[in-house]
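Peer 1: got a sequence here, can you build the structure:
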Amino acid sequence: MNMDDAPIEILVFGKSQEEDEDHISSVVQYQNATDRQIEAFAITMIYYDAFNEKEAAVRGIDDDLQPGQIWRGGWSIYGEPRFVKTAVAYVSAVRFINGEIWKADMEKIMEAAGKRPELSFLSETKMLEIEKE
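Peer 2: Now for the predicted structure:
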C-alpha cells in the first residue's frame, strides 16, 4: 500500500515462492520515488488470517537506495503461511542521506489496511517485467 507522500513506492508485494510450512515469506519490489539518496528505510508487512485478525508482522530494514532506483527485498517470519489470507506492506520509515527522517502517518495506514487484497504468489517473471518498465 502506498501513501501519497511516501518517499518509496511499493511496486509489487506478494508471497515468495521459497515459502515453507513454518515461515511466512514475502517479496517486495520498491522504488525510490524521490530525487534524493536514501540512507536507510523500513518496510512493514502485516499478515492476516481468514478472520481478518493479525497472524504475524515483520519490519524489514534495508539501506542505500539511490534516486529512482528500483530494488527488491525478501523477508521471512516464523508462522504458518496456510493460515494467511490477506496482507499489507507499507513503507514505515525513511532516513535520507542528510539525516532527515520521514515516518508514515499511522492513521492513514490503518484506514487503508482495511482494504487489503488477497496475498498471492509472485513469479520471478513479474518482478523482471516491472524492472524493465
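
Peer 1: and the closest residue to residue 84 other than its chain neighbours, its phi and psi?
Peer 2: Once flanking residues are discounted, residue 84 sits nearest to residue 47: 4.5 Å by Cβ to Cβ, 6 or more residues apart in numbering. C-beta coordinates here come from the backbone N, C-alpha and C atoms, glycine included. When read as degrees, to the nearest 10, the backbone of residue 47 gives phi -110, psi 140.

Peer 1: just list whatever residues bridge to residue 47.
Peer 2: Residue 47 has these beta-bridge partners by DSSP bridges: residue 56, residue 87.

Peer 1: give me the neighbour count for it.
Peer 2: Counted by other Cβ atoms under 10 Å, the residues lying close to residue 47 total 24.

Peer 1: quick check: which ranges of this protein have low pLDDT?
Peer 2: 1, 18-19, 113-133 (pLDDT under 70).

Peer 1: which parts of it are strands?
Peer 2: Assigned by DSSP state E, the strands in the chain fall at 8-15, 23-32, 38-48, 54-65, 70-78, 86-96, 101-103.

Peer 1: from residue 45, how far off is residue 86?
Peer 2: For residue 86, the distance to residue 45 equals 12 Å [Cβ to Cβ, to the nearest Å].

Peer 1: touching, the residue nearest to residue 84 and residue 79? I think so.
Peer 2: Yes - contact between residue 47 and residue 79 holds when scored by Cβ atoms under 8 Å: they sit 7.0 Å apart.

Peer 1: overlap in contacts, these two.
Peer 2: 24, 55-56 (Cβ atoms under 8 Å, 6 or more residues apart in numbering).
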